[in-house]
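Asks: Give me coordinates for this.
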Amino acid sequence: LTVRGILLSCKDEVAKGLAHWVAFAGAAIWTLHPANTMAVAYIAQRFSLVGTSFFLGSLLCYVNFRRRALEGGEDEPLSEYSVFDDPKALGYLVGAVVLGGLTAFAKENATVIPIFLLALELIVYRGRRWYIPAGLIGAGLVGLVFLSLSLNLSFESSFPSRSPTATSRMDYFLTQIPVTMKYLRLQLMPTDLTVEQQFPMVWHAGKGFTSVAARNMVLLAGVGHLLIFSLIASLLWRGQRFVPLALLGFYICNIVESSFIPILDPMVDHRMYLPSVFLGSALCVAVARAIPWLEERNPEARTLLSAGVMGLCLALALGTVARIHTWTGPLRIWQDTIEKRPWCARAYSSLGMEHLYLGEWTLAVGPIETALELGPYHVEGWNNLGKAYLELDRLGPAQRVLERGIEVN
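Replies: Residues are numbered from 1 along each chain as shown. Just a heads-up that it's a prediction; the model follows:
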């Protein structure tokens, strides 16, 4: 509904009668995409689903409000249209504000909705009512300051300068340059999805790049981002609006988790859920815009393209079914992770813990020992290994590993 509303506001974006089908196909691609499996299947990410729902609800209300305003004649030079004279438009605007505010109680990356609305206003509606989303941005900043003061929160506690994996904000920011490019790559080729991406830090404060390969990876990804922004500028110059909005929205929705705020894990699959919401629709818009040109050369182009989109959705659905199979049991999840990230100590440790939960003491020993070889300062691992040895009546090894755990602690 949101995509359809935006396309109907951009009457020259796709051929007449295609807006509904383009919106449906774009929504299907996003819904069926394997990269979104973790966000849906991982119960701890239910707030990601709620935040995205509030985000899309706020956006839909704002799009409906702007369409009412356009129908009310705001484009006329002498128009005296006022939102207060249109109760339905006013209701949509209030809905956009309320749902946008609710994102603050869900997932942090959804709170960028005012910034996205500003981009929508400037790109799609030519900035005629830019002051509305700008006011929401200002209100959000004031609310953040008020909350920090009322809870006596320091800037460091709200926006930490480091995490267990990043020694500084610069460490995290430079690492996010190739990470966000990999997110885009996984949208095109979702072949490396895993619970633990284990993306390496590319920079260390005071030491510089961690390796020549890391430096080259950052430079190459940086060039890729510059090309994407050049594409956005080129499309805007040529009068196109939806594709630039979708690409820019991807970066806007990554501001919180892929910028200067260090988080424990530099990259996690579920963070693609909201940023990718309009990428499939952008692809469908690009295909729809090419239909008239293709039909001049092949009258059956529309049928072939429709079949291609259906085939793409089928392929994505099959990939999602295969990915869901991995999520049907904890052992499968961690075995899949170990196959893809054999150096991940957390995966081995988690696999061992699952065997402990099942009372499979012998099977638990091997993975936990491997985890401790990879990460010897994991106190919980030594404790778990000691428990496994105790259950197997191997008292000597149990004593040694538990004493080692005390030393590590």
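
Asks: got a list of what A27 touches?
Replies: Shown in contact with A27 (Cβ atoms under 8 Å, 6 or more residues apart in numbering): V3, G280, S281. (Each C-beta comes from the backbone N, C-alpha and C, glycine too.)

Asks: Could you say which helix or strand holds it?
Replies: For A27, the host element (DSSP states H and E) is helix 19-32.

Asks: Pull that helix out as CSV, backbone CA atoms only.
Replies: Presented in CSV, the C-alpha positions along helix 19-32 are these (Å, rounded to 0.1, in the frame of the first residue of the first chain):
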residue,chain,number,x,y,z
ALA,A,19,1.6,0.8,-9.9
HIS,A,20,-0.5,-1.8,-8.2
TRP,A,21,1.4,-4.7,-9.7
VAL,A,22,4.8,-3.2,-9.2
ALA,A,23,3.9,-2.6,-5.5
PHE,A,24,2.7,-6.2,-5.1
ALA,A,25,5.8,-7.7,-6.7
GLY,A,26,8.1,-5.5,-4.6
ALA,A,27,6.3,-6.5,-1.4
ALA,A,28,6.6,-10.2,-2.5
ILE,A,29,10.3,-9.9,-3.0
TRP,A,30,10.9,-8.4,0.4
THR,A,31,8.6,-10.8,2.1
LEU,A,32,10.1,-13.9,0.5
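
Asks: follow-up on the earlier one: out of the contacts of A27, list just those in strands.
Replies: Applying DSSP state E to these, no entry is found in strands.

Asks: As TSV, these with neighbour count would be great.
Replies: Listed next are the contacts of A27 as TSV, based on neighbours: other Cβ atoms under 10 Å:
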residue	neighbour count
V3	29
G280	25
S281	27
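
Asks: ok, P178 touching V218?
Replies: Yes. Checked against Cβ atoms under 8 Å, the pair P178 and V218 is within contact range at 5.9 Å.

Asks: who has more neighbours, the two?
Replies: Remark: of P178 and V218, P178 carries more neighbours, 25 against 19, as counted by other Cβ atoms under 10 Å.

Asks: Now name the helix or strand holding the more buried one.
Replies: Going by DSSP H and E, P178 is in helix 169-188.

Asks: Which pLDDT value does the model give I6?
Replies: Here, the pLDDT recorded for I6 equals 89.

Asks: secondary structure element for it?
Replies: Per DSSP H and E, I6 falls inside helix 2-9.

Asks: Need the contact partners of that helix.
Replies: 13-14, 19-20, 22-23, 26-27, 56, 59-60, 63-64, 66-67, 70, 120, 124-125, 242, 245, 278, 281, 285.

Asks: thinking again about what came up before, give me the mean pLDDT for the helix holding A27.
Replies: For helix 19-32, mean pLDDT rounds to 92.

Asks: Tell me the gap between the helix holding P178 and the middle of its chain.
Replies: 11 Å (Cα atoms, centre = their mean, to the nearest Å).

Asks: and the helix or strand following it, which strands flank it?
Replies: Once helix 169-188 ends, the next helix or strand along the chain (criterion: DSSP H and E) is strand 203-204. Strand pairing for strand 203-204, using DSSP bridges, gives strand 208-209 (antiparallel).

Asks: chain center to the partner strand, what's the gap?
Replies: 27 Å.

Asks: Against which helices or strands is the very next helix or strand once past it packed?
Replies: Next in sequence after strand 208-209, counting helices and strands by DSSP H and E, comes helix 212-237. Secondary-structure packing of helix 212-237 (3 or more Cβ pairs under 8 Å, 6 or more residues apart in numbering; DSSP states H and E): helix 169-188, helix 242-252.

Asks: just the ones you listed: most buried one?
Replies: Across the helices and strands packed on helix 212-237, the average number of neighbours (mean count of other Cβ atoms under 10 Å) peaks for helix 242-252, which reaches a mean of 22.

Asks: returning to that earlier point: got the angle for the helix holding A27 vs helix 2-9?
Replies: Put simply, helix 19-32 runs at 150 degrees to helix 2-9, going by axes from the mean of the first three to the mean of the last three Cα atoms, to 10 degrees.

Asks: distance of Q45 from V268?
Replies: Here Q45 is placed at a distance of 9 Å from V268 (Cβ to Cβ, to the nearest Å).

Asks: among the helices and strands of the chain, which one scores worst on average pLDDT?
Replies: helix 155-158 (a mean of 68; mean pLDDT, DSSP states H and E).

Asks: if we can go back for a sec, can you redo the helices and strands packed on helix 212-237 as TSV, where the extra columns are distance to T103 and mean pLDDT?
Replies: Listed next are the helices and strands packed on helix 212-237 as TSV, based on distance: least, Cβ to Cβ, whole Å; pLDDT from 0 to 100:
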stretch	distance to T103	mean pLDDT
helix 169-188	20	95
helix 242-252	13	95
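
Asks: still on that earlier bit, name the residues that touch the helix holding P178?
Replies: 33, 35, 161-163, 166, 192-193, 199-205, 217-218, 220-222, 224-225, 228, 250-251, 254, 258-263, 266-267, 269, 271-272, 275-276, 279.

Asks: now do stretch 367-376
Replies: Contacts of stretch 367-376 (Cβ under 8 Å, 6+ apart): 343-349, 351-353, 355, 378, 381-382, 384-385, 388, 408.

Asks: Give me the buried subset of those residues.
Replies: 344-349, 351-353, 355, 378, 381-382, 384-385, 388 (16 or more other Cβ atoms under 10 Å).

Asks: Show me the residues you listed that map onto strands.
Replies: Cross-referencing the buried ones among the contacts of stretch 367-376 against strands under DSSP E gives no overlap.

Asks: from these, which is closest to T103?
Replies: R346 (29.9 Å; Cβ to Cβ).

Asks: Which pLDDT value goes with the residue nearest to that closest one when sequence neighbours are not counted?
Replies: In this structure, R346 finds its nearest non-sequential neighbour in E196, 5.9 Å apart by Cβ to Cβ, 6 or more residues apart in numbering. Per-residue pLDDT puts E196 at 92.

Asks: burial measure for E196, as a count.
Replies: 21.

Asks: Of the buried ones among the contacts of stretch 367-376, which is the nearest to A290?
Replies: Using Cβ to Cβ, the buried ones among the contacts of stretch 367-376 come closest to A290 at C344, 42.4 Å.
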